[in-house]
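J.: Would you be able to build a 3D model of this:
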Amino acid sequence: MPIELYRIDDRLIHGQVIVGWGQPMDLGFVVLVDDEVAGSEWERELYLMGVPPEVALYFASVDDAVAHLAEWRADPRHGILVTGDVETMRRLTERTPAIREVNVGGIHHRPGRTERLRYLFLSPEEEQALRAMEARGITVTVRDVPSARAMRLGELAGARSA
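T.: The predicted structure follows:
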């Protein structure tokens, strides 16, 4: 199976990714694309603790992910690729035209971001980068868990949680 989910989630690996998305998919592997985490043994060990032993976890920088994407897409197991921010996914999608759909999961509050949904806060630059992905033909959906309805970016125009 090819990688079935390309996800942006600032918490990277946590229960919602491993259990919420992974169990229904019969997850076999996760690719965590983050330049800093890929270069930090301590952080890699920390994330390994959040993944069951039967699920392989690969750490990659953007350059490594570009180099290995075809290999992971050819893996017979079900897989998820996750980045912790819009910028990393933007860089990845610009260099790998095989990515045709991106799921935006949790991007949480920090200065300069505006609340769009209870789990989604975007800066103007992040929203612009997501819209640029769409303009390149990538389907960008917003959904925190598989049971929720996937929303397109255009549906967020006036969306704000109270």
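J.: can you give me the helices in the chain?
T.: 15, 22-25, 35-38, 41-48, 62-73, 86-95, 124-135 (DSSP state H).
J.: Give the other helices and strands that the worst-scoring helix or strand of the chain on mean pLDDT contacts.
T.: Least confident helix or strand of the chain, by mean pLDDT, DSSP states H and E, is helix 15 with a mean of 73. In terms of contacts (3 or more C-beta pairs under 8 Å, 6 or more residues apart in numbering; DSSP states H and E), helix 15 is packed against no helix or strand at all. All C-beta atoms are positioned from the backbone trio N, CA, C, and that covers glycine.
J.: who touches it?
T.: residue 50 (C-beta atoms under 8 Å, 6 or more residues apart in numbering).
J.: if we can go back for a sec, and the helices of the chain, which is most packed in?
T.: Of all the helices of the chain, helix 86-95 carries the top mean neighbour count, a mean of 20, counting by mean count of other C-beta atoms under 10 Å.
J.: quick one: average confidence on that helix?
T.: Mean pLDDT, computed over helix 86-95, is 97.
J.: and if you look at stretch 35-43?
T.: Stretch 35-43 comes out at a mean pLDDT of 96.
J.: Need the residues that contact stretch 52-68.
T.: 13, 18, 22, 27-35, 37-39, 44, 47-48, 51, 72, 77, 81, 88, 91-92, 95-96.
J.: re earlier: JSON lines please, covering the helices of the chain and showing distance to residue 56.
T.: Formatted as JSON lines, the helices of the chain follow (distance: least, C-beta to C-beta, whole Å):
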{"stretch": "helix 15", "distance to residue 56": "18"}
{"stretch": "helix 22-25", "distance to residue 56": "12"}
{"stretch": "helix 35-38", "distance to residue 56": "15"}
{"stretch": "helix 41-48", "distance to residue 56": "10"}
{"stretch": "helix 62-73", "distance to residue 56": "10"}
{"stretch": "helix 86-95", "distance to residue 56": "19"}
{"stretch": "helix 124-135", "distance to residue 56": "27"}
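J.: Of those, give the one that comes closest to residue 2.
T.: helix 62-73 (4.4 Å; C-beta to C-beta).
J.: That closest one versus helix 86-95: what angle between them?
T.: Interaxial angle, helix 62-73 versus helix 86-95 (axes from the mean of the first three to the mean of the last three C-alpha atoms, to 10 degrees): 60 degrees.
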